[in-house]
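Visitor: With the input below, show me the fold.
(one chain, ligands or ions: 1)
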Amino acid sequence: MQIVRTIAEFKVLRSDWADQNLTVSLVPTMGALHAGHLSLLGPARMADRLVVSIFVNPTQFGPNEDLLHYPRPLEQDLSLLERNGVDAVFLPAASEIYPAGYRTLVAVDELSSRLCGVSRPSHFRGVATVVLKLFNIIQPQWAVFGQKDAQQTVILRRMVQDLNLDVEVIVQPIVREIDGLALSSRNQYLNVAERKAATILFRSLEFAQQALTQGESKTDVLVSGVRQLIGSEPLARLDYAEIVNAADLSPVEQVGDNALLALAVFIGKTRLIDNAFLGRNK
Ligand code: AMP
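Guide: Just a heads-up that it's a prediction; the model follows:
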């Protein structure tokens, strides 16, 4: 497995692969890898060469967020990727991606200000910027992302379409712990009591799915049930719970095909997100 830290070095490798007509897939991550990340490698293996990037992207963190504390178990990550058949890891320093004088940001309008964008107004600008840069550097035919970050996938698909990028975005289902908690690098911030309380996100998704099965399809009724449930967990504080159209994140009044329930909940100081399709996903 090759570890590449500079853009110049990656470009040499990439043109070598292009000379051999090899296809390339990319799995972008911020490291602190878990089984959710590893699940993305499956479809990525359809390419001749599989690249994983590890980059804790400063532009997607807000001023009071966890950039400095974000876990960085690099040795562990690299050995996990090596054992999972990754061909190259792109591991740039922040100054390599954003050198002095860097000024260009990518804004995917409107979609970026919904849901997580309300409490994290600059987050998706940072995500779109770094992902576009990674696409330009790695030049993958396929890029694989997790449904865990549902809004991110909608925004990136939009960016790919709007900017005529020659990359196919593939989205993989959410990987969960046995009790339903979605795997996340941020779960390590939780203490024992918080870890237990964190199941409230999955329980809320299940509650809504069950209420829908029992015939309740009004969004405001479902959302108020979810709010109530989350309110009953003393360690939890709701950031948002919304039911939207999964394709374009627009609000829906009644759950029909393609509705998505998206949640962000603080458990203590840790902000967790989760989501589930309600109704049939097209
Ligand atoms: P991150 O390192 O948190 O930026 O995540 C990198 C990629 O892994 C993103 O596409 C995430 O959506 C995906 N991912 C994170 N957690 C999970 C999970 N529990 N199941 C599936 N994919 C995930």
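
Visitor: Quick one: name the residues of the chain near the ligand.
Guide: 29-30, 36-37, 39-40, 145-146, 148-149, 172, 174-175, 182-185 (Cβ under 6 Å from any ligand atom). C-beta coordinates here come from the backbone N, C-alpha and C atoms, glycine included.

Visitor: Try it again at 8 Å.
Guide: Residues of the chain lying near the ligand by Cβ under 8 Å from any ligand atom: 27-37, 39-40, 144-149, 152-153, 172-176, 182-186.

Visitor: For ChimeraX, write the selection for the buried entries among these.
Guide: Buried residues within these, by 16 or more other Cβ atoms under 10 Å, are selected in ChimeraX with:
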select :27,28,29,30,31,32,33,34,36,37,39,40,144,145,146,147,148,149,152,153,172,174,175,182,183,184,185,186
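
Visitor: quick one: which of the residues of the chain next to the ligand sit in helices?
Guide: Under the assignment DSSP state H, those contribute A35, G36, H37, S39, Q152, T153 to helices.

Visitor: Distance of the first one relative to L41?
Guide: A35 is 11 Å from L41, where distance means Cβ to Cβ, to the nearest Å.

Visitor: Pretty sure Q2 sits against V89.
Guide: Yes. Here Q2 reaches V89: they are 7.3 Å apart, a contact under Cβ atoms under 8 Å.

Visitor: Mind checking which of these two has more residues around it?
Guide: Neighbours per residue, other Cβ atoms under 10 Å: of Q2 and V89, the larger number sits with V89, 21 against 13.

Visitor: what residues are up against the more buried one?
Guide: Listed by Cβ atoms under 8 Å, 6 or more residues apart in numbering, the contact set of V89 reads M1, Q2, I3, V4, V51, V52, S53, I54, L78, L81.

Visitor: Pick the one among the residues you listed closest to the ligand.
Guide: Comparing the contacts of V89 against the ligand with Cβ to the nearest ligand atom places I54 closest, at 8.2 Å.

Visitor: which residues of the protein fall in strands?
Guide: Using DSSP state E, the strands of the chain run over residues 2-4, 24-29, 49-54, 88-90, 142-146, 168-172, 236-245, 259-267, 270-278.

Visitor: Residue ranges in the protein under the pLDDT threshold?
Guide: The chain contains residues with pLDDT under 70 at 280-282.

Visitor: Tell me, how many residues neighbour the nearest residue to F266 once chain neighbours are set aside?
Guide: Among residues not flanking F266 along the chain, R237 sits closest, at 4.3 Å (Cβ to Cβ, 6 or more residues apart in numbering). Per other Cβ under 10 Å, the neighbour tally for R237 reads 14.

Visitor: So which bits of the longest helix anywhere in the chain are buried?
Guide: For the chain, the longest helix by residue count, based on DSSP H, is helix 123-138. If you call a residue buried by 16+ other Cβ under 10 Å, then helix 123-138 has these buried ones: 123-135, 137-138.

Visitor: ok, now which ones touch the nearest residue in space to A262 that is not next to it in sequence?
Guide: Of all residues not flanking A262 in the chain, N275 sits nearest, at 4.3 Å (Cβ to Cβ, 6+ apart). Each residue near N275 by Cβ under 8 Å, 6+ apart is listed here: Q147, K148, A150, I174, L205, L260, L261, A262, L263.
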